[in-house]
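**Q** Just to be clear, the model below is a prediction. Sequence and coordinates:
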Amino acid sequence: MIIIRRSEERGHFNHGWLNTYHTFSFDQYYDPRFMSFRSLRVINEDFVAAGRGFPTHGHRDMEIITYVLEGALEHKDSMGTGSVIRPGDVQKMSAGTGVRHSEYNHSKDELVHLLQIWIMPDTSGINPDYQQKHFEDEEKRARLRLIASTDGSDGSVTIRQDARVFATLLDSSEQVRHELQPNRHAWVQVARGSIELNGKLLNQGDGAAASEESTLTLVGKESADVLLFDLA
């Protein structure tokens, strides 16, 4: 069974400096039909204006993944971490007992386009942790590249949840397949471009929940950047 969450159905707020779309209920946006999917709690697609950003704010007991599509986002946090996140980078912050951070676009003329993802951890009250790794386009081209996992396998960032996150880049007619084990579920999010998922068309910003599907086949329709979440 595949349930599609269309881009235009998402929550949307344009604050001027931040144009944001919420796949699941978040902050001022509430939709009881889309509170979360399994342990996947948030997928926000954000466009941050030049010279603007998120001021220092706090999180706790959440696994936060940032996936930048365009531009460069500067990160600073209360753990003493300072970094710049660019396309190809995957940033993971385990908020645990509590962490404060800020994110800023220092460009004078380019926006930052990113996905911010929250996954609920399987354990609360852990020590905060930060990781950032880079994955070349060649690693994702027409294959599912593991970028986050519970055990950090294949060079992925480590998250405290029984979840595996994959990224793929697909040109027209390129395809990848993912086998879902019994009692596993998947969410597919199209960050850019368009694909067919088991014959169903998904465009940029669309997401889809998959349950009771043994195989997921993703076929590129337009040049696409896609995330696949394999969830307990």
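**A** It's in.

**Q** helix, strand or coil for the residue sitting furthest away from the middle of the chain?
**A** No residue in the chain sits farther from the centre than K108, which is 25.7 Å out by C-alpha atoms, centre = their mean. The local conformation at K108, judged by DSSP: H, G, I helix; E, B strand; the rest coil, is coil.

**Q** Spatially nearest residue to it, not counting backbone neighbours?
**A** Once flanking residues are discounted, K108 sits nearest to A50: 5.7 Å by C-beta to C-beta, 6 or more residues apart in numbering. For the C-beta atoms, the positions are set from N, CA and C on the backbone; glycine is no exception.

**Q** Off-centre distance for the longest strand along the chain?
**A** Longest strand in the chain by number of residues (criterion: DSSP state E): strand 215-231. Computed by C-alpha atoms, centre = their mean, to the nearest Å, the separation of strand 215-231 from the middle of its chain amounts to 13 Å.

**Q** where along this protein do the helices fall?
**A** 137-140 (DSSP state H).

**Q** residues in contact with the most centrally placed residue in it?
**A** Closest to where the C-alpha atoms of the chain average out (C-alpha atoms, centre = their mean) is I117, at 4.3 Å. Contact criterion C-beta atoms under 8 Å, 6 or more residues apart in numbering gives 40, 42-44, 64-67, 165, 227 as the residues in contact with I117.

**Q** do the same with T158
**A** With contact set as C-beta under 8 Å, 6+ apart, T158 has these partners: 92, 129, 131, 148-152.

**Q** What of G220?
**A** Shown in contact with G220 (C-beta under 8 Å, 6+ apart): 170-175, 193-195.

**Q** Distance check, the closest residue to it other than its chain neighbours against G207.
**A** With sequence-adjacent residues excluded and distances taken as C-beta to C-beta, 6+ apart, G220 is closest to L170, at 3.2 Å. Taking C-beta to C-beta, to the nearest Å as the measure, L170 falls 16 Å from G207.

**Q** May I have the residues that are in contact with V99?
**A** V99 neighbours (C-beta under 8 Å, 6+ apart): 58-60, 77-79, 93, 128.

**Q** Closest one to I159 out of those residues, please.
**A** M93 (10.2 Å; C-beta to C-beta).

**Q** now the closest residue to L144 other than its chain neighbours: how far from F229?
**A** Leaving aside its sequence neighbours, L144 sits nearest to F166 (C-beta to C-beta, 6+ apart; 4.0 Å). Separation of F166 from F229 (C-beta to C-beta): 8 Å.

**Q** ok, so of the contacts of V99, who is nearest E139?
**A** When the contacts of V99 are compared for distance to E139 (C-beta to C-beta), M93 comes out closest, at 22.3 Å.

**Q** Now that closest one: closest residue in space, sequence neighbours ignored.
**A** The shortest distance from M93 to any non-neighbouring residue, by C-beta to C-beta, 6+ apart, is to I64 (4.6 Å).

**Q** how much space between the one you found and D162?
**A** Taking C-beta to C-beta, one finds I64 at 17 Å from D162.

**Q** Quick check, S83 in contact with K92.
**A** No - applying C-beta atoms under 8 Å as the test, S83 and K92 come out as separate, 11.6 Å apart.

**Q** These two: which has the busier surroundings?
**A** Each of S83 and K92 has its neighbours counted (other C-beta atoms under 10 Å); K92 has more, 24 against 14.
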